[in-house]
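> This is a predicted model, with the sequence first.
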Amino acid sequence: MSSTPPKRQWPPSTPPSRPPTKQQVQPTPSPHWFGASSNIDFSFNFQSPITPDPSPGNPSCTKSGSFPDHPVIQGAAGTASPPGLLANDLSQLSLGSQSPDPFSPERHKATGTLARAPPAPYRVETEEGPAHEFFTSSFQDNLSEAINVAQEAVLLIEKLRAAGVSDEILMRLLEDARRLGSYTGSETRTIAVLGDSGQGKSSLINSLLHYPEISKTGDIGSACTSVVTEYREKKPAPHGAGASDQAPITLEVEYLSGIEIKEMVTELLWSYRQLFLPAVESDTTSDADYARYMRESEQAWSALEAAFGHRREFKRAMLQDMAEGSLERITEMLVGWTEDIEWPSGDETAGYNGDDEVTGNEPSHLVWRSTAATAEECCEKTSLFMQDRYWPFTKIIRVYLDSDVLKNGLVLADLPGLQDTNLARVRATQDYLMRCENVFVVANIARAITDQSLKSSLYNVLAKNVPLTWEEADSKGRGLINIAVVCTKSEDINLRAARVEFCGRGKPIDPDVLADLDRDIEAADRCGERRRYKDLKNRRKLLMMRARSEHVKAGLRQAYASRVPGEALRVFCVSNSIYEKYAIDFGDGRSNNSELVAASEIPDVRRFCRSITAEARHREARHFVCSSVAGLLGSLRLWVGSAQDTRVVENDNWIKTKREELSGSVQDARTEIMEAAAAVADNFKNCFKDQILSFLDGRNAYWERAAKHEGEQWQSWHWTQYSAFCLNNGHHETPKRPRQDWNAKILWKMRSELAYQWELVEEEAGNVFDVFLDLAKDQLEEIRDQVEEASVTLPSCASLAEALLCHIKDLEYRTALRKAEFVCSVRTIRRYASESNHMSYVLSGMLPTYRQASSQSGTGKAARQKSIVQGRITDGTLFPGISMAISTAVEAAVQKSQVGLSDDVAAVLDRVNADVKLELRRWCHRNEAAEMTTVAATGRNTNVNVPGSSAVATESTAALLVALGGEVEELWQRHAGLVRSVSTASDREME
């Protein structure tokens, strides 16, 4: 296999509309390698060219061979350019706002060359981070130091174990210390990358990851991305890990469950057979619609053939049997065949851990795992699940790798192209999309600049997924999904058209400046200065590219200003070709160029990606430093103190009373808090019942009448139009009938009346957690007050008070996470109840009806179709069915949240109880003192285990405890400084 990239086979002046498929060429030394694959020549040269002898016939050439310089004036970078700005802004030709200028006046020598030292190799890890405290060196230093403190705590506890000192609490502290000492952060945020085939989606992912060909690119259509593919950070291999854990790439493939396989086969079979429905074969079907049905049918056939083509009895004729009952019979047979599929074996196998019920027709293991050393091997292994017989039944592919953009919890999700028409696959995409925090809409810049696309490019993507959510901002004036637009192929530009569009008086580019540049280009050509000629041409090209990019950004932001009130729509115009060419040293003599990498705008997109996880990771890291590590050290202080020191206080009655009071308070608090945690679910369900369920029960009949009125209007349509809408699940358009969505119209009254009720429910979903947290904190604060009061007599109680404060903060953080997760679940259910897309409850209720109507044929077909659809709307079960779906989903979300919250609360209270017990070891009567001392020294009690009971052992153990107590105290003081530093920085940021 060649180690050099293939040479380009097309001239830069006539780029093809779609570049040929790139060869998957891998380097020997490193996986981070970009091959040259660009249809535009951006070979800038920054060395002094060989100047030809002056020519008498060339008056433009000076004696030194240089040329007149044209005006270059510095301007503000990274901002939208008003008319005329680019005329005085040739110095800022890159598309990135942070890059140095490759064509500044200082770099434009008097000789007319672009002479300077070769730029250093581009390093992704040196890119400037987002403007957030999490990325500051001071915060990262504090975080690293906190991890070091936890690791040193591990060493201290290991010293105790080596000396034979051990008990249950100490072992739990050792486990906690090891976990905290390997902290990497767990909070993630997902960006869904959406775009049609051929728009540069996979190339964008390759560039962002700085990992060439890890996402397969090419011109083979939807087969490139037929399954949701996640790119996640690969965690560091543990000490002593095997070869599989140390591989550069780890792969994980999750199959569909048995229920999902049945749904997939059903949808594939319907998609294939719809071409043979009487309504489709009718002459009334337009050529465009018939071509679409044919394409959908062929796509379904490809999937079915991939899955079952190895079986001798699998034939097209079998699937085309349109006799009554044939659909059910064929479906049952195909689902039965899936039980015989020989699923591939990976390096590791794992059981299914999802929420779906595991049935008898499950594959033997639903998660396949393997590793890869290169991107080529990764694509080779994953292609098994993207193109061969398994891809119809593959749910998701996860690729774990080392990439700078993924290091802080970002997950890049490559979603299948929106051309996919299989309902099961579309539903999976929509369900995934609704659970993402951000969406990148990827489109070719050539499409984005058309007037039509300025108003419809985002709708083409999102109207198919969350149309009503996108069209109607929420009550706070924002859409429910954060969207950014990435326009690709910014280097693919028609220079003549760009000159007309952007050059002129009052336009971004001053014609005088461009004329000077044209003259310099012509002079360089006449003098034979090929390198300078190429540099100047590319300078002109970058100028045009920037003008076009600013035009596109401004146009898209203006078109969607109402969708993102209060902030501008994020728009990036990138060139993957430029990035690939100049990001890495290819070993072929070319110099890397950081300025041109910045001009590709990939670093800007990467910086934005990192900002998405910044707040969540910062919050998690602060909790780690200020609560988790502090709680560990606080408990360790208590353990060492209790083991080495048993205080004997003269006032025995007072001590006994305080011990009993504190023990009773801890038990009472545990009971109260656990009951309050259980009440979170009941309180929310009561609110849901009052605001939604009672409304559903009382208004179903009214909503049905409103839907019936809508359906009656459709009955007056021509039968061909009605039939076409049935074939398209109620969402369609015809030459004489504009696009309508029957499902949205069926749902409109219910949606509008429940909008306010859902707002109340979403608010209450957060309030119930706030009420619980207030009660829990009050209970724990009361315990802490008792401890502080006792510290006047027993100074050691101050350590317990500090430890309790850490546990209170821990409970706050855990509860906040559960709250956010539950509110998100409720919001998702609201979308399913309010939307009309393929994941919606209303379409789920209407889909069998549309298909039944579409299957009608013969005399009276039109009347039967209208009777079937209208009958479903008015049969009294549609809206109760939607209500049941809402109720079932909410019950499942409540149950899941309840279990998680109870586990979190129990874990925190266990630590509180353990710390209190450690302190109570010191609170003993005079007649207990000798026993406690003996236990600490001889191990005759299970609380402390010290081998031997000789005086030597007692003295050595006591000395060790004293020494370790000092080291623990030193760690505590060091950590206190970290907490002060982190808290002070956060306070400054809030100001």
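Structure received.

> where does the stretch 801-950 of the chain have low pLDDT?
Counting by pLDDT under 70, the ranges of the stretch 801-950 of the chain that qualify are 923-950.

> all helices for it, in order.
841-854, 861-873, 878-920, 926-938 (DSSP state H, counting those that start in this stretch).

> Tell me the gap between the helix or strand following the last one and the middle of its chain.
Next helix or strand after helix 926-938 toward the C-terminus (DSSP states H and E): helix 951-990. On the basis of C-alpha atoms, centre = their mean, to the nearest Å, helix 951-990 sits 38 Å off its chain's mean C-alpha point.

> other SSEs contacting helix 951-990?
helix 137-162, helix 629-644, helix 926-938 (3 or more C-beta pairs under 8 Å, 6 or more residues apart in numbering; DSSP states H and E). For glycine as for every other residue, the C-beta is placed from the backbone atoms N, C-alpha and C.

> Mind doing that once more with 6 Å?
helix 137-162, helix 629-644 (3 or more C-beta pairs under 6 Å, 6 or more residues apart in numbering; DSSP states H and E).

> Where among those helices is average confidence lowest?
Lowest mean pLDDT of these: helix 629-644, a mean of 91.

> okay, that helix in PDB with CA atoms only?
Coordinates of the C-alpha atoms in helix 629-644 are reproduced here as PDB (Å, rounded to 0.1, in the frame of the first residue of the first chain):
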ATOM      1  CA  VAL A 629     -11.800  15.200  47.200                       C
ATOM      2  CA  ALA A 630     -12.700  17.300  50.200                       C
ATOM      3  CA  GLY A 631     -15.200  14.700  51.400                       C
ATOM      4  CA  LEU A 632     -12.500  11.900  51.000                       C
ATOM      5  CA  LEU A 633      -9.900  13.800  53.000                       C
ATOM      6  CA  GLY A 634     -12.500  14.800  55.600                       C
ATOM      7  CA  SER A 635     -13.500  11.100  56.200                       C
ATOM      8  CA  LEU A 636      -9.800  10.100  56.200                       C
ATOM      9  CA  ARG A 637      -9.000  12.700  58.900                       C
ATOM     10  CA  LEU A 638     -11.900  11.300  61.000                       C
ATOM     11  CA  TRP A 639     -10.700   7.700  60.500                       C
ATOM     12  CA  VAL A 640      -7.100   8.400  61.500                       C
ATOM     13  CA  GLY A 641      -8.200  10.500  64.400                       C
ATOM     14  CA  SER A 642     -10.600   7.900  65.700                       C
ATOM     15  CA  ALA A 643      -8.000   5.200  65.400                       C
ATOM     16  CA  GLN A 644      -5.200   7.000  67.200                       C
END
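
> which stretches of the stretch 401-550 of the chain have low pLDDT?
Scanning the stretch 401-550 of the chain for pLDDT under 70 picks out the ranges 417-421, 449-481.

> Just the strands from it, written as ranges.
All strands of the stretch 401-550 of the chain, identified by DSSP state E, counting those that start in this stretch, fall at 410-414, 438-444, 482-488.

> and if you look at the stretch 601-750 of the chain?
731-734, 737-741.

> Among these, show me which one is buried the most.
strand 731-734 (a mean of 17; mean count of other C-beta atoms under 10 Å).

> Show me what it is packed against.
By 3+ C-beta pairs under 6 Å, 6+ apart, strand 731-734 packs against helix 719-727.

> run the last query once more with 10 Å
Here strand 731-734 touches helix 719-727, strand 737-741, helix 742-790, going by 3 or more C-beta pairs under 10 Å, 6 or more residues apart in numbering; DSSP states H and E.

> still on that earlier bit, looking at the helices of the stretch 801-950 of the chain, which is buried most?
helix 841-854 (a mean of 20).

> tell me how far that helix is from the chain's mean position?
Per C-alpha atoms, centre = their mean, the centroid offset for helix 841-854 relative to its chain is 32 Å.

> And for stretch 721-730?
Relative to its parent chain, stretch 721-730 has a centroid offset of 36 Å by C-alpha atoms, centre = their mean.

> Switch the strands of the stretch 601-750 of the chain over to TSV; also include distance to V165 and mean pLDDT.
Formatted as TSV, those follow (distance: least, C-beta to C-beta, whole Å; pLDDT from 0 to 100):
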stretch	distance to V165	mean pLDDT
strand 731-734	71	91
strand 737-741	71	93
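
> export those strands to a markdown table and tack on distance to S203?
Below are the strands of the stretch 601-750 of the chain laid out as a markdown table (distance: least, C-beta to C-beta, whole Å):
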| stretch | distance to S203 |
| --- | --- |
| strand 731-734 | 32 |
| strand 737-741 | 32 |
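
> Quick one: closest of those strands to P212.
strand 731-734 (39.8 Å; C-beta to C-beta).

> Check what contacts that closest one and list those residues.
Contact with strand 731-734 is made by 284, 286, 289, 463-464, 467, 717-718, 720-722, 724-726, 728, 739-744, 836-838, 843, 850, as judged by C-beta atoms under 10 Å, 6 or more residues apart in numbering.

> I'd assumed M846 was in contact with F725.
No - using C-beta atoms under 10 Å, F725 is not in contact with M846; the gap is 11.3 Å.

> Quick check: neighbours shared by those two?
742, 869.

> For L514, which of the strands of the stretch 601-750 of the chain is the nearest?
Nearest of those (C-beta to C-beta): strand 737-741, 43.6 Å.
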